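Visitor: Compute the structure for the input listed below.
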Amino acid sequence: MQPFTNATVQPVGNVYFDAKVVSHTVILSDDSKKTLGIITTPGSYRFDTVAPELMEITDGTCEVLIDGSDETREIRAGSSFEIAGDSGFAITVKAGVCQYVCSYLS
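Guide: Numbers count the residues shown, from 1 in each chain. Predicted coordinates for the structure are as follows:
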């Protein structure tokens, strides 16, 4: 993954699950939005989506169960998964930390 250039980073993060998941919003020069996040504590966390999302795992390993699927997938650093809008997913980190970039697709 390449660094982001000409971007604005929101100085206050989004804090979830008693600070076990934290992300910061990045707005690129074309007005597209991403979040850069880290899951700091092993566990299972559920997120809902409004817009379709692309989640790129940049560090660590997680397991993902996307709404409507019976298949839990292991996602390692360098891999990604997509979630439909008005949907959701459960993400589980079994050990260490997991970092990600979430791109909003619409």
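
Visitor: for the closest residue in space to residue 80 that isn't next to it in sequence, phi and psi?
Guide: Counting by Cβ to Cβ, 6 or more residues apart in numbering, residue 56 is the residue found nearest to residue 80 once chain neighbours are left out, at 4.3 Å. The C-beta positions use only the backbone N, C-alpha and C, and glycine is treated the same way. Torsion angles at residue 56 (phi, psi; degrees, to the nearest 10) stand at phi -110, psi 120.

Visitor: switch to numbering from 870
Guide: Okay, using 870 as the starting number, the last item reads as residue 925.

Visitor: so residue 925 sits right up against residue 968, yeah?
Guide: No: with contact defined as Cβ atoms under 8 Å, residue 925 does not count as touching residue 968 (9.6 Å).

Visitor: mind showing which ranges of the chain have poor pLDDT?
Guide: Within the chain, no stretch has pLDDT under 70.

Visitor: any chance you could map the strands in it?
Guide: 877-878, 883-885, 890-896, 902-908, 912-917, 922-928, 930-935, 942-945, 949-952, 957-962, 967-973 (DSSP state E).

Visitor: The residue nearest to residue 949 bridge partners, please.
Guide: residue 949, residue 970 (DSSP bridges).

Visitor: can you count the residues close to it?
Guide: By the measure other Cβ atoms under 10 Å, the count of residues near residue 925 is 17.

Visitor: Pull up the gap between it and residue 888, please.
Guide: According to Cβ to Cβ, to the nearest Å, residue 925 and residue 888 sit 22 Å apart.

Visitor: how about residue 941, what does it touch?
Guide: With contact set as Cβ atoms under 8 Å, 6 or more residues apart in numbering, residue 941 has these partners: 932-934, 961.

Visitor: Alright, calling it a day.
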